[in-house]
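>>> got a sequence here, can you build the structure:
(2 chains)
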Number of protein chains: 2
Amino acid sequence: MANYDALPLVVLTEQFAKLPGIGAKSAARLAYHVMSMEAAEVEAFANALLNARRTVHFCRCCENLTDKEFCPVCEDDARDRSVVCVVETPKDISAFERTGEYKGVYHVLHGLISPLKNILPDDLKIRSLVARVQQGGIQEVIMATNPTVEGDATAAYISQLLKPLGVKVSRLAFGLPVGGQLEYADEVTLYKALENRNIM
Amino acid sequence: MANYDALPLVVLTEQFAKLPGIGAKSAARLAYHVMSMEAAEVEAFANALLNARRTVHFCRCCENLTDKEFCPVCEDDARDRSVVCVVETPKDISAFERTGEYKGVYHVLHGLISPLKNILPDDLKIRSLVARVQQGGIQEVIMATNPTVEGDATAAYISQLLKPLGVKVSRLAFGLPVGGQLEYADEVTLYKALENRNIM
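Presented below is the predicted three-dimensional model:
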């Protein structure tokens, strides 16, 4: 099939299609939409892309995404540094913050162990978590990975690493719908899951 | 609710959320995805955005989007320049080209008349269509706007403008599902609609 679109549009469509959850038709629609945007708007979009990728990096303490040395949670003196909540992605931190009930700090793994997808423990931010616990001052580590096979396996793996270090390791209560996504949980469910966490 | 995301991420999320069909959650997901992309990939994406917006403009003849003076259809000597198919968007051209049955040329309106949305005939590429017909050499103009109220009204309006110029004006047959979107029609339906077009 011959493509009668202008080449720069085809290139842009391909770029949109690379994004997760955007198929060929949506990508073409978005590319055409860009044509109808003001030049200044397109520049703002392009700059936002470049700026986010260039300035945002991992928090030196908890591996959350930040454009400073430490993320806002780690910088907040009011947080309880003796409790660390281990999450898969930075999005999960926002979910916990929405409950307004959690006063501890976080650690972001940036993934889950998944031999099928060739994601091994060394690909995640587990080493820096172990180092944090070894430095002392942490009393409890709450495993808050998604209630899926991979989330459970990762929690179990990390729990085995941390328990010999004399720290309490707990797991979010399964008030969460099993097989669901943590970031879509409502505030109350998430708070209940936090309250009823079980010692591993 | 405090936002614990890094500011450049928030800005990028807002940019994604401005795109059609992308809500707040999807925008956040896409922004996080950009963080996991290689820097070179993000640059390629940003460049594709800027490049498409800067180099793509309207074909001097048919108002299709192109990065050259004329679009590929208008430049193709094998096309029958006596038949002009009038469509709402450049995407509709791709839909017709997929049928492989249409040998004429196109004219892109870039919208439909809609008093409710404050889109008047002068906001569309109608003047250049009339000028093309006045230049002569065109025997038939096929109105191929979507089979919706606005598509029908626009077709009727343009038909009234063109008929005094002594050109045959036809409308796509309603083999198309009424109220549907032209770009999602399958090849056979679209070809039937083209074959059974009615004189206006």
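>>> for chain A, which spans come out with low pLDDT?
A:1-4, A:174-178, A:192, A:198 (pLDDT under 70).
>>> domain parsing of it, as residue ranges.
Chain A breaks down by automatic domain parsing into domains covering A:7-55, A:78-199.
>>> next, format those domains as a markdown table and append distance to B:Ala153 and mean neighbour count.
Quick note: C-beta positions are derived from backbone N, CA and C, even for glycine. Listed next are these as a markdown table, based on distance: least, CB to CB, whole Å; neighbours: other CB atoms under 10 Å in any protein chain shown:
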| stretch | distance to B:Ala153 | mean neighbour count |
| --- | --- | --- |
| domain A:7-55 | 21 | 18 |
| domain A:78-199 | 42 | 17 |
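>>> among these, which is nearest chain B?
Nearest to chain B among these is domain A:7-55 (4.0 Å), distances taken as CB to the nearest CB.
>>> pull the residues that contact stretch A:38-45.
A:34, A:37, B:15, B:18, B:49-50, B:53-54 (CB atoms under 8 Å, 6 or more residues apart in numbering or on different chains).
>>> make TSV out of these and add distance to A:Val149.
Output for these, formatted as TSV (distance: CB to CB, whole Å):
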residue	distance to A:Val149
A:Val34	39
A:Met37	42
B:Gln15	35
B:Lys18	37
B:Leu49	38
B:Leu50	43
B:Arg53	44
B:Arg54	47
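>>> nearest to A:Asp80, of the residues you listed?
Minimum distance to A:Asp80 across these is 35.2 Å, recorded for B:Gln15 (CB to CB).
>>> list the contacts of the closest one.
A:44-45, A:48-49, B:27.
>>> any figure for the gap between it and B:Val34?
10 Å (CB to CB, to the nearest Å).
>>> what touches both of the two?
Taking CB under 8 Å, 6+ apart as the contact criterion, the common neighbours of B:Gln15 and B:Val34 are A:Leu49.
>>> would you mind giving the domains of chain A as a markdown table with distance to B:Glu97 added?
Output for the domains of chain A, formatted as a markdown table (distance: least, CB to CB, whole Å):
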| stretch | distance to B:Glu97 |
| --- | --- |
| domain A:7-55 | 13 |
| domain A:78-199 | 39 |
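>>> and B:Val149, which of those is closest to it?
So among the domains of chain A, domain A:7-55 is nearest, using CB to CB, at 21.7 Å.
>>> centre of the chain to that closest one, how far?
23 Å (CA atoms, centre = their mean, to the nearest Å).
>>> of the domains of chain A, give the one that comes closest to B:Arg132.
domain A:7-55 (21.8 Å).
>>> ends of that closest one, what's the gap?
Domain A:7-55 has its terminal residues 31 Å apart, counting by CA to CA, to the nearest Å.
>>> nearest residue to A:Arg171 other than its sequence neighbours?
A:Met143 (4.7 Å; CB to CB, 6 or more residues apart in numbering or on different chains).
>>> A:Cys61: neighbour count?
Residues near A:Cys61, counting by other CB atoms under 10 Å in any protein chain shown, number 20.
>>> just confirm it is within a helix.
No - assessed with DSSP: H, G, I helix; E, B strand; the rest coil, A:Cys61 is coil; it does not lie in a helix.
>>> my read: it touches A:Lys68, true?
No - judged on CB atoms under 8 Å, A:Cys61 makes no contact with A:Lys68 at a distance of 11.3 Å.
>>> overlap in contacts of the two?
Residues within reach of A:Cys61 and of A:Lys68 at once, by CB under 8 Å, 6+ apart: there are none.
>>> I'd like the next helix or strand past the longest helix seen in chain A.
In terms of residue count, the longest helix belonging to chain A (DSSP state H) is helix A:39-55. Following helix A:39-55 in sequence order, the next helix or strand is strand A:57-58 (DSSP states H and E).
>>> beyond that next one, next helix or strand please.
That would be, after strand A:57-58 and using DSSP H and E, strand A:65-66.
>>> same for that next one, what does it pack against?
Applying 3 or more CB pairs under 8 Å, 6 or more residues apart in numbering or on different chains; DSSP states H and E, one finds that strand A:65-66 makes contact with strand A:57-58.
>>> direction included, what does the strand it packs on pair up with?
Here strand A:57-58 has these sheet partners by DSSP bridges: strand A:65-66 (antiparallel).
>>> immediately after the strand it pairs with, which helix or strand?
With elements assigned by DSSP H and E, the helix or strand that comes after strand A:65-66 is helix A:72-75.
>>> which strands and helices sit next to that following helix?
Using 3+ CB pairs under 8 Å, 6+ apart, helix A:72-75 sits against strand A:104-108.
>>> which ones are touching the residue most central in space within chain A?
For chain A, A:Thr89 is the residue whose C-alpha lies nearest the centre (CA atoms, centre = their mean; 1.1 Å). When contacts are counted by CB under 8 Å, 6+ apart, A:Thr89 touches A:108, A:110, A:183, B:32.
>>> what ranges does chain A have for its helices?
Secondary structure of chain A by DSSP H: the helices cover A:7-17, A:24-36, A:39-55, A:72-75, A:90-99, A:127-134, A:149-162, A:187-195.
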